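> Pasting the sequence and the predicted coordinates here, then a few questions.
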Amino acid sequence: MKISKTVWLVCLVGTVLNASGASLYKQKCKSCHGSHGEKKAMGKSKAIHKMSVSAIEKSMYDYASGKKKAMSYVVKVKKDFVHGHNDKTLHALAVYIHGL
């Protein structure tokens, strides 16, 4: 069976983005949100494991901008996190979280 170059490229990019999201989640998010996004971070947030990709992205940006209210520590962590990564990486992370 012959797979077109486009299909192969889409699969490859998807795999790389998922690996990037997985790695970032394990390094930066897992300790507060749990292995499967099931924990309420700081005992206050919503569990993120059932959120849509767009809701996860919006939440990250809203915390970072201060639009979404939180403890000052949380706002600083989110702000530093969002400003330390590009939109493509944050999207890959949101896709990974959605798939947990």
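On my side now, so go ahead.
> and Ile97, how many neighbours does it have?
The number of residues packed near Ile97 is 26, by other C-beta atoms under 10 Å. C-beta here means a position set from N, CA and C on the backbone, and glycine is covered the same way.
> All the helices of the chain, residue numbers only.
For the chain, applying DSSP state H gives helices covering 5-28, 30-33, 53-65, 72-83, 87-98.
> Name the stretch among those that sits most buried.
Of all the helices of the chain, helix 87-98 has the most neighbours on average by mean count of other C-beta atoms under 10 Å, namely a mean of 19.
> Please tell me I have it right and Gly66 contacts Val75.
Yes: at 5.9 Å, Gly66 counts as touching Val75 under the criterion of C-beta atoms under 8 Å.
> returning to what we had before: save the helices of the chain as a markdown table, and put in mean pLDDT and distance to Lys39 too.
Shown next, in a markdown table, are the helices of the chain (pLDDT from 0 to 100; distance: least, C-beta to C-beta, whole Å):
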| stretch | mean pLDDT | distance to Lys39 |
| --- | --- | --- |
| helix 5-28 | 61 | 13 |
| helix 30-33 | 92 | 5 |
| helix 53-65 | 93 | 15 |
| helix 72-83 | 89 | 14 |
| helix 87-98 | 94 | 12 |
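> Dump those helices to a markdown table, plus distance to Ala41.
Formatted as a markdown table, the helices of the chain follow (distance: least, C-beta to C-beta, whole Å):
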| stretch | distance to Ala41 |
| --- | --- |
| helix 5-28 | 12 |
| helix 30-33 | 4 |
| helix 53-65 | 10 |
| helix 72-83 | 8 |
| helix 87-98 | 12 |
